[in-house]
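Asks: Quick one: sequence and predicted model below, then my questions.
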Amino acid sequence: RIVKRQTACRSDIERLNDSFLAVFASLIPADEEKVKQKQLLTVLEKLVGKEWPEARLYLYGSCANSFGFPKSDIDVCLVMELGDIDKSEVLLKLADILQSDNLQNVQALTRARVPIVKLMDPITSISCDICVNNVLAVVNTKLLHDYAQIDVRLRQLAFIVKHWAKSRGVNETYQGTLSSYAYVLMCIHFLQQRRPAILPCLQAMEVTYVATVDSVECAYFDQVDKLQSFGSRNGEKIGQLVWAFFHYWAYCHDYANDVISVRTGSTLSKRAKDWTRRVGNDRHLICIEDPFEISHDLGRVVDKYSIRVLREEFERAAEIMQYDPNPSVTLFEPY
Ligand code: GTP
Ligand code: MG
């Protein structure tokens with residue numbers, strides 16, 4: 001009888017894995033989207049190059065970090081020496097240049113928190129935001145991309161977590177919940193914490209890549225092709241990892257005292273970072289250290305109302321993973 005029960009259990013676990021793998025497969029963008037994005041980038045490079053031959057364009061955010069959903073907009077960063085030219089001036093000039101080509105809805109938003117030019121390309125129907133000299137975002141995009149190459153379970157988990165967050169309305173920074181960038185860091189941290197670890201801490205290893213950006217030194221081990229078997233001693237599959245991820249954020253993380261830190265591969269104390277009280281608008285109710293801008297808490301947008309919403313959502317997800325007969329459906333039900 002015991003043997004029978006174990007088989008039943010095993011097939012349940014396999015069914016759970018298969019159902020989450022199917023969700024993951026349904027969320028990955030088709031290869032032709034990458035081709036279209038490159039196509040648009042080439043058009044932009046030509047236009048920009050005529051005005052500023054020294055300037056470079058980089059993709060960043062979800063279109064370049066391996067965690068992008070189908071049909072998402074692309075984020076582009078224009079990197080150039082500004083000298084004493086003002087950033088707004090560059091953006092207005094850029095908008096001018098793009099307008100005179102075939103691009104549509106060109107708009108310079110010079111007063112936004114991150115000033116950008118927005119546009120839509122009628123040929124590929126891709127929308128695009130272009131910012132200027134936001135090099136840290138380009139570098140953290142590379143870090144996320146490099147982590148994604150080490151173990152496929154990161155990409156699986158992060159797609160499922162992002163899909164859950166979007167379905168449940170907790171991926172809205174203007175409403176006090178977390179950015180996609182923050183969720184991916186939570187996934188990396190979580191996989192660094194598994195025993196045996198599924199991901200290493202790249203910033204604690206030998207330095208093979210360095211970029212100094214606005215006096216921040218960004219250094220880590222980026223030869224990730226050498227780490228292909230890093231997580232192989234841990235046999236956990238996606239179903240179990242989704243369960244454990246939500247269990248961790250619902251019941252195990254110490255919100256009052258801990259900061260999650262992908263940079264150190266561990267947690268730090270809020271006290272050590274002096275993140276114990278509200279300063280200005282930063283409340284530090286859930287603390288996620290940016291891997292390079294270490295004084296930057298990605299949880300700073302969370303307020304005393306939205307922290308409750310978030311934690312209740314983590315608890316709901318944990319309960320579903322524990323008791324629901326069909327978690328890969330129920331988890332993503334709209335709120
Ligand atoms: P989706 O658009 O939701 O699919 O995800 P995304 O990966 O584009 O994430 P998001 O829009 O949250 O962030 C875009 C990029 O901005 C990130 O990949 C980071 O490189 C960069 N970034 C740097 N600091 C921050 C920050 O404080 N908040 C956010 N949201 N992004 C940051
Ligand atoms: Mg984005």
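Replies: Yes, it's here. Ligands and ions are numbered 1, 2, ... in the order given.
Asks: okay, CA-based contacts and neighbour counts for the rest of this
Replies: Will do.
Asks: Leu185 in helix, strand or coil?
Replies: Secondary structure, DSSP: H, G, I helix; E, B strand; the rest coil: Leu185 is helix.
Asks: Tally up the residues packed near it, please.
Replies: The local packing of Leu185 (other C-alpha atoms under 10 Å) involves 22 other residues.
Asks: same question, Val132
Replies: With neighbours defined by other C-alpha under 10 Å, the count for Val132 comes to 20.
Asks: so what's it closest to, chain neighbours aside?
Replies: Spatial nearest neighbour of Val132, excluding adjacent residues (C-alpha to C-alpha, 6 or more residues apart in numbering): Leu78 at 4.7 Å.
Asks: The helix or strand harbouring the one you found pairs with which strands, and in what direction?
Replies: Following DSSP states H and E, one finds Leu78 within strand 74-79. Paired strands of strand 74-79, with direction, are strand 56-60 (antiparallel), strand 126-132 (parallel) (DSSP bridges).
Asks: what distance separates the helix or strand of the chain with the lowest mean pLDDT from the middle of the whole chain?
Replies: The weakest-scoring helix or strand in the chain, judged by mean pLDDT, DSSP states H and E, is helix 2-27 (a mean of 85). Its chain's average C-alpha position is 27 Å from that of helix 2-27, according to C-alpha atoms, centre = their mean, to the nearest Å.
Asks: what's the answer for stretch 267-285, then?
Replies: Put simply, stretch 267-285 sits 22 Å off its chain's centre (C-alpha atoms, centre = their mean).
Asks: likewise stretch 62-69?
Replies: Using C-alpha atoms, centre = their mean, the offset of stretch 62-69 from its chain centre is 8 Å.
Asks: circling back to that earlier point, if you compare the strands paired with strand 74-79, which one is most tucked away?
Replies: strand 126-132 (a mean of 21; mean count of other C-alpha atoms under 10 Å).
Asks: what about Asp101, distance to ligand 1?
Replies: To ligand 1, Asp101 is 26 Å away according to C-alpha to the nearest ligand atom, to the nearest Å.
Asks: Shouldn't that residue be within a helix?
Replies: No. Using three-state DSSP, the secondary structure at Asp101 is coil, not a helix.
Asks: Look at it and report its pLDDT.
Replies: In this model, Asp101 is scored at 87, pLDDT.
Asks: on that earlier part again, which among the strands paired with strand 74-79 is found nearest to ligand 1?
Replies: Smallest distance to ligand 1 across those (C-alpha to the nearest ligand atom): 6.0 Å, for strand 56-60.
Asks: which outside residues touch that closest one?
Replies: Applying C-alpha atoms under 8 Å, 6 or more residues apart in numbering, the external contacts of strand 56-60 come out as Leu41, Glu45, Ile74, Asp75, Val76, Cys77, Leu78, Val79, Met80, Ala137, Val138, Thr141.
Asks: Now list the buried members of those.
Replies: Neighbour counting by 16 or more other C-alpha atoms under 10 Å classes Leu41, Glu45, Ile74, Asp75, Val76, Cys77, Leu78, Val79, Ala137, Val138, Thr141 among the contacts of strand 56-60 as buried.
Asks: so what's the third one closest to, chain neighbours aside?
Replies: Leaving aside its sequence neighbours, Ile74 sits nearest to Cys128 (C-alpha to C-alpha, 6+ apart; 4.8 Å).
Asks: same question, the fourth one
Replies: Beyond its immediate neighbours in the sequence, the residue positioned closest to Asp75 (C-alpha to C-alpha, 6+ apart) is Asp129, lying 5.1 Å away.
Asks: Can you tell me which of the buried ones among the contacts of strand 56-60 is nearest Arg278?
Replies: Ala137 (25.6 Å; C-alpha to C-alpha).
Asks: For that closest one, list the residues it contacts.
Replies: By C-alpha under 8 Å, 6+ apart, Ala137 lies in contact with Tyr60, Gly61.
Asks: so who does the residue nearest to Asp75 touch?
Replies: Asp129 sits in contact with Asp73, Ile74, Asp75, Val76, Ile116, Val117, Lys118, Leu119, where contact means C-alpha under 8 Å, 6+ apart.
Asks: 7 Å instead, please
Replies: By C-alpha atoms under 7 Å, 6 or more residues apart in numbering, the residues touching Asp129 are Ile74, Asp75, Val76, Ile116, Val117, Lys118, Leu119.
Asks: quick one: what helix or strand has the fifth one in it?
Replies: Translated: Val117. In this assignment (DSSP H and E), Val117 forms part of strand 116-121.
Asks: Give the other helices and strands that that strand contacts.
Replies: helix 87-99, strand 104-109, strand 126-132 (3 or more C-alpha pairs under 7 Å, 6 or more residues apart in numbering; DSSP states H and E).
Asks: looking at those, which is buried most?
Replies: Of the helices and strands packed on strand 116-121, strand 126-132 is the most buried (mean count of other C-alpha under 10 Å), at a mean of 21.
Asks: what pLDDT does the residue nearest to Ile74 get?
Replies: 96.
Asks: Many thanks, I have nothing further to ask.
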